[in-house]
Structures are given as structure tokens and as C-alpha cells.
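[1] Sequence below, structure please.
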Amino acid sequence: MKDMKHYYYADDDQQLGPFTLDELKTKRLKKSVLVWTDGMDEWSMADSVDELKDILVSEPPPLLKKNHPQPPIETVQIKHTPTFSSKYDFNYKEKSSATGYRTKLISGSIVAAVALIVTIFFFAKMAKAPDEHVAGLGRNSQDPDVYVAGLERNSQGRIFAMLWKNGIEKKLTDGKYLAHANSVFVSEFNVYVAGFEKNANGIQIAKLWKNGIAQNLTDGKNSANASSVYISGNDVYVAGYDGSVAKLWKNGIEQNLSGAFSTSWANSVYVSDNDVYVTGYVQGYGNYGRAVLWKNGIEQNHSNGANRYVTSVCVLGNDVYVVGREDRGQQNERRSVATLWKNGVTQNLTDGDKFEQAHSVYVTENGVYVAGEDDGVATLWRNGIAQTLSNDYQSEALSVCVFGNDVYVSGSETNSQLITVAKLWKNGVEQNLTNKKSHAKANSVFVKKP
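    Reported below is the predicted structural model:
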């Protein structure tokens with residue numbers, strides 16, 4: 001009798017498994033889901049694995065959605081700046097039909113008319129999201145600096161860890177090996193980015209970049225990832241995993257958050273009054289697992305069963321906010337509720353009739369902001385009230401940050417050519433960080449006074 005083959009798959013950068021083929025049939029996996037099983041050198045899309053092709057769910061092209069006007073975001077005065085993923089903004093250089101031309105002095109009326117037309121044209125373009133991949137125009141010395149961490153694939157198929165500052169991109173890796181930038185945090189004049197890069201053997205190395213210089217957090221013996229970075233005083237905290245163990249690194253020194261007899265990962269870290277909070281997941285045998293909040297390395301069980309996943313944590317005063325999702329469907333369904341927990345008390349942000357998830361939380365004294373997705377649409381919730389960020393195509397909001405009166409959200413949107421574009425929304429107005437010609441994703445945003 002042959003040994004039964006076991007499979008793993010990735011869901012929102014979380015490794016789930018092992019599952020038998022029969023168990024995998026109940027998960028309703030899409031063709032684009034990453035999977036791994038014995039004998040594979042690296043993770044691959046499910047539709048490239050022969051024995052899985054008959055159990056995959058077809059993915060329709062992006063659905064054009066009706067454009068429903070959204071209420072404006074109310075202004076808030078920030079008094080607390082929680083960050084677990086990162087926060088930003090981007091500015092874009094708009095092309096003007098008058099650029100590069102000298103205006104001849106003809107007559108006062110003609111000049112005035114031309115000036116009026118140009119002015120109307122310029123502000124009309126600024127009032128909507130740019131169609132080109134552009135960056136930088138209109139900034140002044142008082143504007144905050146907006147940092148975004150993510151990834152971009154070039155025309156040769158190479159995937160780079162990326163950092164954008166005020167819309168200007170910088171590659172953190174050379175593209176030789178697959179790399180992702182997952183989280184960004186800026187302290188004083190130092191920019192920290194957490195992520196991973198594969199080595200020559202195809203194994204992911206957890207990485208921390210400081211001002212573009214990489215530091216390896218793991219030795220390459222096991223697949224690893226650095227999911228989140230947070231700076232408190234002179235200390236640098238990174239959450240992630242090495243092999244099958246959730247990890248917290250403090251100034252490069254690792255701490256195991258879970259035991260060696262289960263699969264676990266950590267995906268968010270936040271520090272408040274010398275207390276260190278980390279969210280993650282611990283999976284035991286079979287399908288059993290639990291969402292977890294660790295405080296100073298001590299597990300606070302954040303789940304009544306195996307149906308909750310937590311993705312982000314933020315603390316304000318004595319209140320601890322955690323977001324994620326709670327699965328509602330049967331094994332052959334893909335339904336979940338985007339969920340916010342305050343001090344362990346559940347608040348449902350959606351009704352759970354589709355796949356809905358919260359990715360990031362940011363709290364000020366005037367509001368609780370949550371970024372996520374509602375049935376494949378990027379969504380921002382402020383105090384439980386939803387604002388749709390994308391009206392046309394499949395999209396997701398992955399990180400949120402508030403600075404002064406402005407709300408910044410980073411994420412991605414799949415366009416009509418099925419290209420995933422890295423996005424930044426500022427007060428609900430979108431900006432493209434990439435050129436719509438190659439796949440990209442904006443995982444984290446951080447905003448800082450210049």
C-alpha cells in the first residue's frame with residue numbers, strides 16, 4: 001500500500017496543512033493558490049500540479065461593479081500612532097498638455113482663456129486617480145513622507161522586494177531570487193523593512209532591511225518569513241516564522257513563541273508600554289488550530305475553535321484591538337466574516353455570506369480603522385462603517401495608517417487585463433504605484449513627518 005501523500009497550501013501568506021487529497025477537495029481551492037507536497041522543490045500554483053487540476057474551483061474574470069458613491073472620511077486628530085504593518089502616501093506627477101511650451105504674449109483675453117482651460121484640465125486630472133504610473137508632483141516641505149513596502153514582478157518574471165517613498169520606487173533585491181517586502185516602519189531617519197528572499201537552494205530567508213541594507217534573521221536551513229516590524233526606542237522587533245515555529249526577533253535575537261510539535265506562524269507585532277503583543281496561528285494535528293495573541297511571549301488563546309484567523313494587532317491605552325476573520329461556511333464552502341476583537345470581544349464587520357477578511361487595524365482616540373476585503377473588494381471600515389475603495393475589479397486593502405486628517409490604505413487591484421496593480425488610497429482616492437504592465441502588491445504603509 002502506498003504512503004498517503006499530504007499537501008499544504010497558502011492562504012493570505014499563512015501555511016495550512018497537512019491535508020490528504022480527499023481533505024483538500026473540501027477546501028475549494030482556486031487555480032492560483034500556492035501549494036506544496038513531497039517531491040516539489042518549491043511552492044507552485046495549484047493548477048500546475050496534475051493531481052489537483054480536477055478539484056480546483058474556476059476563477060471568473062474580474063467582475064465590473066456598479067459605482068456607488070461613498071461618504072467622505074471624516075477628519076480626525078491623531079494622538080496615537082499604532083503601526084503593525086506600515087503606513088503611507090504617494091504623490092504622482094501629472095502630465096499637462098501645456099508642459100514644455102512657451103506661451104507667447106498675444107492678447108489678455110486669449111492668455112486668460114488658455115490659462116483657465118489649463119487650470120481646469122490640471123485640477124480635473126488631480127481630482128481623479130491618475131491613469132499613468134507617475135510620481136512626485138505637488139509635494140512641499142510640509143507634506144509627510146509616505147513609505148510603502150511590497151513586491152513587483154518585472155517582464156522577465158523576476159519578483160523584487162520593493163519600497164516606495166512618496167511614489168518613488170526602490171528595489172531592495174536584485175531579482176535573482178524571489179523576494180517579498182511585507183512590512184515597513186520608520187524611526188527617526190532609519191527605514192526598516194521586513195520580508196524574505198530565497199537563497200540559491202530555493203529556501204526562504206527571513207530578512208530585515210535597514211536603510212536598504214539586508215540582515216538575515218535565519219540561517220537558511222528552513223523556510224522562513226519576517227511578516228511585521230515595529231520599533232520601540234532603540235529596540236527592533238520582528239514577527240514571523242522559521243520552519244514550523246512562530247518567532248519573535250528582538251534586535252536580531254530570536255524567541256520561540258510556540259513549541260516544536262505544532263505548525264505556527266506570527267504575522268503582526270506591536271509594542272506598548274514595554275509590553276510586546278504578537279498575533280499568529282498555531283495548528284496542531286489534522287485540521288485543529290487556534291488563533292493566538294501572545295503578550296510578552298505568553299499565549300492568550302484568542303479562539304474558541306479552529307475557525308478564526310488573526311492578522312493584525314494594535315494597542316491604545318488599556319485596549320487591545322485584533323482583526324482577522326472567522327470562517328462560517330461548511331468545509332466545501334468559502335465563507336467568512338471580517339472581524340474585529342476589542343479586548344477579546346467580537347465585532348463582526350461583515351455578514352459572512354461571502355469570503356470577507358480584515359487585514360490591518362489602526363487606532364486613534366477618535367476612530368478604529370480596519371483595512372480588508374469584502375467579497376473581493378478593497379474596503380476600509382471606520383468605527384464599523386464600511387467604505388468601498390475599489391468599484392471596478394477584484395481588490396484587497398492590506399494596510400491602513402492615519403496621519404493628521406488623512407487616512408492612507410495600501411493594497412492591490414486586478415485590472416481588466418488581469419494584471420495586479422499596487423495601489424495606495426489617500427482619503428479614498430486611489431493612486432497607482434506601478435505601471436499596470438506587471439504584477440505588484442503594496443503590503444504595508446507608514447506615514448511620517450519629514
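[2] hang on, isn't A10 packed against K30?
    No: in this structure A10 lies outside contact range of K30 using CB atoms under 8 Å: 11.4 Å. Any C-beta I mention is one placed from the backbone N, CA and C, and that applies to glycine too.
[3] List the contacts of V276.
    237, 248, 250, 269-270, 294-297 (CB atoms under 8 Å, 6 or more residues apart in numbering).
[4] per the record, what domains does the chain have?
    Segmentation of the chain into domains, based on automatic domain parsing, reads 7-55, 145-448.
[5] looking at the ones you listed, which is buried most?
    Highest mean neighbour count among the domains of the chain (mean count of other CB atoms under 10 Å): domain 145-448, with a mean of 20.
[6] and that domain, average pLDDT?
    Here domain 145-448 scores 92 as its mean pLDDT.
[7] can you tell me the distance between the two ends of that domain?
    5 Å (CA to CA, to the nearest Å).
[8] Check stretch 361-372 too.
    One end of stretch 361-372 to the other measures 9 Å (CA to CA).
[9] What of stretch 216-235?
    17 Å.
[10] do stretch 320-338 as well
    Terminal-residue distance, stretch 320-338 (CA to CA): 17 Å.
[11] Now L163. Nearest residue, chain neighbours left out?
    Among residues not flanking L163 along the chain, K170 sits closest, at 4.9 Å (CB to CB, 6 or more residues apart in numbering).
[12] Next, give phi and psi for the one you found.
    phi -140, psi 130 (degrees, to the nearest 10).
[13] That one is in contact with M162, isn't it?
    Yes: shown here, K170 and M162 form a contact pair, counting by CB under 8 Å, at 7.2 Å.
[14] Test of understanding: give the bridge partners of the residue lying closest to A10 once chain neighbours are set aside.
    Once flanking residues are discounted, A10 sits nearest to L34: 4.2 Å by CB to CB, 6+ apart. For L34, the beta-bridge partners under DSSP bridges are M45.
[15] I figured L34 hits M45, correct?
    Yes: assessed by CB under 8 Å, L34 is found in contact with M45 at 6.4 Å.
[16] so of the contacts of V276, which ones are in strands?
    237, 248, 250, 269-270, 294-295 (DSSP state E).
[17] State the pair within these that is farthest apart.
    Across the ones in strands among the contacts of V276, the longest distance by CB to CB is 14.6 Å; it joins K250 and K295.
[18] what about the strands in the stretch 151-300 of the chain?
    Applying DSSP state E, counting those that start in this stretch to the stretch 151-300 of the chain gives strands spanning 159-165, 168-171, 179-187, 190-198, 204-210, 213-216, 224-232, 235-242, 245-250, 253-256, 263-272, 275-283, 289-295, 298-301.
[19] how near is N216 to T173?
    To T173, N216 is 13 Å away according to CB to CB, to the nearest Å.
[20] Then L217?
    15 Å.
[21] ok but D47 is inside a helix, no?
    Yes: assessed with DSSP: H, G, I helix; E, B strand; the rest coil, D47 lies in a helix.
[22] tell me the phi and psi of the nearest residue to it once chain neighbours are set aside?
    Closest residue to D47 apart from its sequence neighbours, by CB to CB, 6+ apart: K31 at 3.8 Å. When read as degrees, to the nearest 10, the backbone of K31 gives phi -60, psi -30.
[23] looking at it, K31 is touching M45, isn't it?
    Yes: contact criterion CB under 8 Å: K31 and M45 qualify, at 6.6 Å.
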